[in-house]
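Student: this is a predicted model, with the sequence first.
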Amino acid sequence: MKGNEYYQHMKKKEADYLLKLPDNVQYPAARCAMDKNVCMYGASSSSGVESMNRANKNGVRNSTAVDPLNAGMRLIRLEAIRFEKYKKLAWGHELPLTPKGMEVMEAAFADVVPSKYTRDVQEMDTYYHYTVCRTAGGGVLYTVTIPKQPQLGSWFGTCNCGVPKRDGIPCNHMAVLADAGDIPNPDFTRLSVMPYWFRTEHWRRQYPRHVTCNGTVNLQLVMSKYDPEGDIQYCPEWLAPNKAGRPKKNARKLGPTDHIASSAKKRKTKRFCSICHKFNHNTVDCYLNLMNVRMQDNVPEEEDNANVDGESGGI
């Protein structure tokens, strides 16, 4: 593991935080390697970790700033609405693939021409071993494996090009095999080569018709069943808008002019003379100040008669 090389240089508290969850739990790539039926579903590294944050951001996060209990009840109500919405869509959809599955299938078979590939199929005990290579441009030889027994109505297999494992969709080599009809099975078609998670049947399994998600939870019901927690403080509603939230992803960086404009201005002091009551000078510089008059009376006579060049005056 590459992390062992760097953990020894880290603080214990930081290393314990990173090692709290195993890699196969927190990293999609590690979860993908756990089983052959697990795929990245288009994600790379950890790009899909916070994919669900936006789903409840507007409704739940605004309530979280005020009261965690209201935020939890809001989340339950949103999940109930979402469950009933997708249950209605799943059982009202008549095509064998979901709407997303139909789009993926059209994109996968859009530019596939079987005559541009050389193919060879070998029948094994439990799967079909299929090699394909593009005829033009010195193409690379790829290997596709198709199971003989479908899984939930799907003959979706694997390919060493990495696209099915990474994106969870048929690659060009698998699409060529389905379009060319090289598999001796009439049920192996464009629809059946799609993975089972794009099938309407699998969609309906996630939203059973006889299951109803009850989201009618309110504050009176919670107060009647549970005792309040005295150590949890309530955040008043007028304070919630001032709480800092998640930093904006595409926020504009402040430049020097922005910092100058937002910086504190130097306070200018007013000059006022309490002797002559004017604002263009202070008391020290006032010509009516007795100290200034006394200093003028003590000026030597030689300095009064000095000319501009500093020489003593005379006839």
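Tutor: Ah, there it is.

Student: could you list the low-confidence segments of the protein?
Tutor: 1-3, 23-24, 26-34, 36-66, 137-138, 231-249, 264-269, 293-315 (pLDDT under 70).

Student: where along it do the strands fall?
Tutor: 117-123, 127-134, 142-147, 158-159 (DSSP state E).

Student: partners of the shortest one, with directions?
Tutor: Put plainly, it is strand 158-159. strand 142-147 (antiparallel) (DSSP bridges).

Student: C159 bridge partners, please.
Tutor: According to DSSP bridges, the partner residues bridging C159 are V144.

Student: residues contacting it?
Tutor: Contact criterion CB atoms under 8 Å, 6 or more residues apart in numbering gives 142-145, 171, 173-174 as the residues in contact with C159. Any C-beta I mention is one placed from the backbone N, CA and C, and that applies to glycine too.

Student: L141 now?
Tutor: Contact partners of L141, counting by CB under 8 Å, 6+ apart, are 131-133.

Student: now restrict those to buried residues only.
Tutor: Buried members of these, scored by 16 or more other CB atoms under 10 Å, are V132.

Student: okay, the contacts of L141 in JSON lines with distance to L21 next?
Tutor: Listed next are the contacts of L141 as JSON lines, based on distance: CB to CB, whole Å:
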{"residue": "T131", "distance to L21": "40"}
{"residue": "V132", "distance to L21": "40"}
{"residue": "C133", "distance to L21": "42"}
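
Student: ok, now which ones touch E79?
Tutor: Contact criterion CB under 8 Å, 6+ apart gives 213, 215 as the residues in contact with E79.

Student: one step back: buried only: go through the contacts of C159 for me.
Tutor: If we count by 16+ other CB under 10 Å, those have these buried: 142, 144-145, 171, 173-174.

Student: ok, back up a step: redo the contacts of C159 as a markdown table? Include distance to S115.
Tutor: As requested, the contacts of C159 are exported to a markdown table (distance: CB to CB, whole Å):
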| residue | distance to S115 |
| --- | --- |
| Y142 | 17 |
| T143 | 20 |
| V144 | 18 |
| T145 | 23 |
| C171 | 18 |
| H173 | 15 |
| M174 | 17 |
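
Student: of all these, which comes closest to D125?
Tutor: Nearest to D125 out of those is T145 (CB to CB; 12.3 Å).

Student: now do the contacts for the closest one.
Tutor: T145 makes contacts with 127-130, 157-159, as judged by CB under 8 Å, 6+ apart.

Student: any idea how far T189 is from W197?
Tutor: 18 Å (CB to CB, to the nearest Å).

Student: ok so, going back, right, and the pair among the buried ones among the contacts of C159 with maximum separation?
Tutor: By the measure CB to CB, T145 and C171 form the most distant pair in the buried ones among the contacts of C159, at 12.1 Å.

Student: separation between P228 and Q220?
Tutor: For P228, the distance to Q220 (CB to CB) stands at 13 Å.

Student: identify whichever of the strands of the chain lies nearest to F279.
Tutor: Sorting the strands of the chain by CB to CB, the top spot, which is the nearest, belongs to strand 158-159 at 86.7 Å.

Student: quick one: buried residues of stretch 168-183?
Tutor: Using 16+ other CB under 10 Å as the test for burial, stretch 168-183 gives 168-180, 182-183.

Student: among the residues you listed, name the ones in helices.
Tutor: The subset of the buried residues of stretch 168-183 located in helices under the criterion DSSP state H comprises 172-180.

Student: where's L219 relative to L75, distance?
Tutor: According to CB to CB, L219 and L75 sit 14 Å apart.

Student: so where do the helices sit in the stretch 201-315 of the chain?
Tutor: 219-225, 256-262, 290-297, 301-304 (DSSP state H, counting those that start in this stretch).

Student: that older thread, as CSV, the strands of the chain with distance to D285 would be great.
Tutor: Conversion of those to CSV gives the following (distance: least, CB to CB, whole Å):
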stretch, distance to D285
strand 117-123, 97
strand 127-134, 93
strand 142-147, 92
strand 158-159, 91
